[in-house]
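K.L.:
Give me a model of this one.
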Amino acid sequence: MIVSFTLTSLMAAKLLRPPGELVKEKGMWLYRIILTPFQNFLDKLEHGYSNSIGWMLKHRAIILLTIFSTLVIGFGFYYFIGSEMMPLADVGQAYGILEAQPNTSFEQTEKMTTQFEKIILKHPEIIKVSTEIGAETMFESFSPFFTGYSMGQVNSSTFMFTFKDKDERKKTIWDVMDSIQKEALETIPGLRRVQIKEMGSDVMASSSAPIQILVYGKDFGLIEKLSNESLKIANNIKGLYQGALDWSLTRPDYEIKIDPRRAMEIGLGTEEIAQQVYYSMRGGLTNEFYRLPNIRQNTILVRYDQDDRKNNIALENMYITTTDGRQIPLKTVATIEYKGAPTIIEHDGLRRVNTLTGYYRIGGPPSMDLSMDIEMKAMQKINFPPGYGMEVRGDMTQMMDSFRRLLAGLLFAFLFMFLILVAQFRGFLQPLQMIMSLPLELTGVFIALFLLHQNFSTVSIMAIIVLSGMDITTAILLVDMIINYRDRGVPRDEAVMKACPQRLRPILMTSIITILVMIPVSLFPRTGMDAYSPLGTVVVGGLIIGTILSLFVIPLMHTYVDDFIKLINRIFLKRKWEWPVTKSIDEI
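P.N.:
Sure, this is the predicted structure:
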């Protein structure tokens, strides 16, 4: 804006000259071949636009009905485009997790990870992979805080993939990820789940699955049963990839039921027996009876040998010490029952839940549509008992919150634009015709998103906010020039027919330059810019349709607002009001 008010004005005063002083320049090939034909084209375009405005002023009702029909059709395209939180982006990085069946040893997990890495090596699109196997203990650098990427377990490993630039490979990042995941599940026995997700391009990018559906309830067994049935339904829905559950009831667990009478006979309570069993199986740290000066001493973990704690028989024969020092087998005071336990215990608030996770792909149904589809089909086909049900999380909840905030911002933007126009035009009615240009852009937005198979997202709403400020400029330019002519005493229709063609060139120049800049963002995004492709699409589509409709709607709206002002003066103020007319357009 500062440049426009200073440098641009100065350059125009120095460089622009009247047409009569350009006789010599017009003989040059640049003028004869390019500039003069283009100037003639613009002159014809202005003349045709003026004639169109004149015809429209005589058929206002028909034109307004046609434009209204165009708006209805344009807004109808909204129902054919999906919704998502943030568009997918091929940024050349991905995160993966491999989880083996519960009770898999670290050695077995390492072998499975090696097999998985061999599958990765088959894909030349991947440059490097960072692998982390197992979990750290309290003796290492373990942190109890969940990072959002992994909760380390002995039977799991995590991966960070780095791909070649997307312009240097034929396959997309999703083709490679899905191929690796499918081959791993088919060829590596003992896997519980394998999931790989691209790293997003925004600052909130994480490894969290975009599709998350909670199955909640009280009993672990019933939750797992309902979750497995829901997963089968989800895997049959077209567009869902890498569906999995956060946990399963497959972890070996033994429940020790102590006989209170027998425990009392040997002088031990339930808690004392439980502590002895715990430290025998899990181990305990030795106490430090003395310290050596300036020497770092080792901490020793004492527990039963592996062979003495590997199954329920060994557990039954484990010795416990009574109060008088005698040692008796555990099976003399308790019975042991096998019971499957969840691999992890997951809560949403205070409820026990199991999360069904999945991913979507470009060209298929977006995350919001898939989440709703899975939930509706599962609720229809599965009989959930009282206290059990499903709730959508992931992109769905984040998207609803983000949409609410951005739409509130859009409404405030409209309000502030209206108030600024009220101050500029010294009234509330004249700015209404300019605000009417804002719905026109949405027609182009929805049509453009539909044609390019893109979804409505937070990026789209941000682009609409930007587009609104650009589109209302067209209305301001037209109305300001019309009012300028009318203030000079020109009749209304003549002022409209004269002012609009004069503003045609700056309006087209502004719109065309913006469209040309945004086309590469929309159609040919570079690496990492995929997620912002809808921004270019919204601006291009909104400007094309919005500018064309505004050029015809705004002049008509000015005449309707003018008639409305006359009506208000006649009905409420009991007076006849007319904009002063002192001269014709030919006298200006």
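
K.L.:
Where do the helices of the stretch 101-250 of the chain begin and end?
P.N.:
With helices called from DSSP state H, counting those that start in this stretch, the stretch 101-250 of the chain shows them at 106-121, 173-187, 220-235.

K.L.:
Tell me what angle the first one forms with helix 173-187.
P.N.:
Here helix 106-121 runs at an angle of 130 degrees relative to helix 173-187 (axes from the mean of the first three to the mean of the last three C-alpha atoms, to 10 degrees).

K.L.:
before we move on, back to that, want to throw the helices of the stretch 101-250 of the chain into TSV with mean neighbour count and distance to E391?
P.N.:
Backbone N, C-alpha and C define where each C-beta goes, glycine included. Below are the helices of the stretch 101-250 of the chain laid out as TSV (neighbours: other C-beta atoms under 10 Å; distance: least, C-beta to C-beta, whole Å):
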stretch	mean neighbour count	distance to E391
helix 106-121	16	33
helix 173-187	18	26
helix 220-235	19	12
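
K.L.:
got those as a markdown table, with distance to G387 and mean pLDDT columns?
P.N.:
Converted to a markdown table, those look like this (distance: least, C-beta to C-beta, whole Å; pLDDT from 0 to 100):
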| stretch | distance to G387 | mean pLDDT |
| --- | --- | --- |
| helix 106-121 | 36 | 94 |
| helix 173-187 | 34 | 94 |
| helix 220-235 | 9 | 94 |
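
K.L.:
Could you save these as TSV and add columns showing distance to V459?
P.N.:
Shown next, in TSV, are the helices of the stretch 101-250 of the chain (distance: least, C-beta to C-beta, whole Å):
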stretch	distance to V459
helix 106-121	31
helix 173-187	19
helix 220-235	27
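
K.L.:
Out of those helices, the one nearest Y360 is which?
P.N.:
helix 173-187 (9.6 Å; C-beta to C-beta).

K.L.:
So for stretch 528-539, mean pLDDT?
P.N.:
Averaging pLDDT along stretch 528-539 gives 88.

K.L.:
tell me which element the closest residue to G489 other than its chain neighbours falls in.
P.N.:
Leaving aside its sequence neighbours, G489 sits nearest to T582 (C-beta to C-beta, 6 or more residues apart in numbering; 3.1 Å). T582 is part of no helix or strand when elements are defined by DSSP states H and E.

K.L.:
Now do the contacts for L573.
P.N.:
Going by C-beta atoms under 8 Å, 6 or more residues apart in numbering, L573 touches no other residue.

K.L.:
Can you read off the pLDDT for it?
P.N.:
77.

K.L.:
residue ranges with poor pLDDT in the chain?
P.N.:
19-26, 135-152, 201-207, 287-292, 584-588 (pLDDT under 70).

K.L.:
before we move on, the earlier item: show me the one of the helices of the stretch 101-250 of the chain that comes nearest S9.
P.N.:
helix 173-187 (49.3 Å).

K.L.:
Give me the packing partners of the closest one, helices and strands only.
P.N.:
strand 93-100, helix 106-121, strand 156-163, strand 191-198, strand 241-245 (3 or more C-beta pairs under 8 Å, 6 or more residues apart in numbering; DSSP states H and E).

K.L.:
Now render the ones you listed as TSV, adding distance to L315.
P.N.:
Output for these, formatted as TSV (distance: least, C-beta to C-beta, whole Å):
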stretch	distance to L315
strand 93-100	23
helix 106-121	22
strand 156-163	26
strand 191-198	25
strand 241-245	29
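
K.L.:
right, and the ones you listed - which one's nearest L45?
P.N.:
That would be strand 191-198 among the helices and strands packed on helix 173-187, by C-beta to C-beta, at 46.2 Å.

K.L.:
contacts for the closest one?
P.N.:
Counting by C-beta under 8 Å, 6+ apart, 88-91, 93-102, 112, 116, 159, 161, 173-174, 177, 180-181, 184-185, 207, 209, 242, 244-245, 248, 250, 343, 357, 359 sit against strand 191-198.

K.L.:
how many other residues sit next to the closest residue to A314 other than its chain neighbours?
P.N.:
In space, and not counting its chain neighbours, A314 is closest to D308: 5.3 Å by C-beta to C-beta, 6+ apart. D308: 15 surrounding residues under other C-beta atoms under 10 Å.

K.L.:
so how many other residues sit close to the residue nearest to G489?
P.N.:
9.

K.L.:
any idea how far it is from R486?
P.N.:
Noted for T582: a distance of 10 Å to R486, by C-beta to C-beta, to the nearest Å.

K.L.:
got it, and L432?
P.N.:
17 Å.

K.L.:
which of these two has more neighbours?
P.N.:
It is R486, of L432 and R486, that has more neighbours when counted by other C-beta under 10 Å, with 20 against 16.

K.L.:
Next one: that one from G409, what distance?
P.N.:
Distance from R486 to G409, by C-beta to C-beta: 35 Å.

K.L.:
Pull the distance from the helix or strand where G541 lies to the chain's centre.
P.N.:
Assigned by DSSP H and E, G541 belongs to helix 533-571. A distance of 31 Å separates the centroid of the chain from that of helix 533-571, by C-alpha atoms, centre = their mean, to the nearest Å.

K.L.:
what do you get for stretch 180-196?
P.N.:
Worked out by C-alpha atoms, centre = their mean, stretch 180-196 lies 27 Å from the chain centre.

K.L.:
Any idea how far apart the tips of that stretch sit?
P.N.:
End-to-end span of stretch 180-196 (C-alpha to C-alpha, to the nearest Å): 9 Å.

K.L.:
re the thing from before, quick check: which of the helices and strands packed on helix 173-187 is nearest to V538?
P.N.:
Using C-beta to C-beta, these put strand 191-198 closest to V538, at 22.8 Å.

K.L.:
The closest one to helix 173-187, inter-axis angle?
P.N.:
Here strand 191-198 points in a direction 170 degrees away from that of helix 173-187 (the same axes, to 10 degrees).

K.L.:
The nearest residue to T113 once chain neighbours are set aside pairs with what?
P.N.:
Leaving aside its chain neighbours, T113 sits nearest to S157 (4.5 Å; criterion: C-beta to C-beta, 6+ apart). Beta-bridge partners for S157, by DSSP bridges, are L98, I133.

K.L.:
got a list of what N484 touches?
P.N.:
N484 neighbours (C-beta under 8 Å, 6+ apart): A499.

K.L.:
thinking again about what came up before, only the buried residues of the helix holding G541, if you could.
P.N.:
Judged by neighbour count using 16 or more other C-beta atoms under 10 Å, the buried positions of helix 533-571 are 533-547, 549-559, 561-562, 565.

K.L.:
repeat for stretch 441-451
P.N.:
Residues of stretch 441-451 classed as buried: 441-450 (neighbour count, 16+ other C-beta under 10 Å).

K.L.:
So what touches that stretch?
P.N.:
With C-beta under 8 Å, 6+ apart, stretch 441-451 has contacts from 70-71, 73-78, 80-81, 455-456, 460, 463-464, 467-468, 471, 534, 537-538, 540-546, 549.
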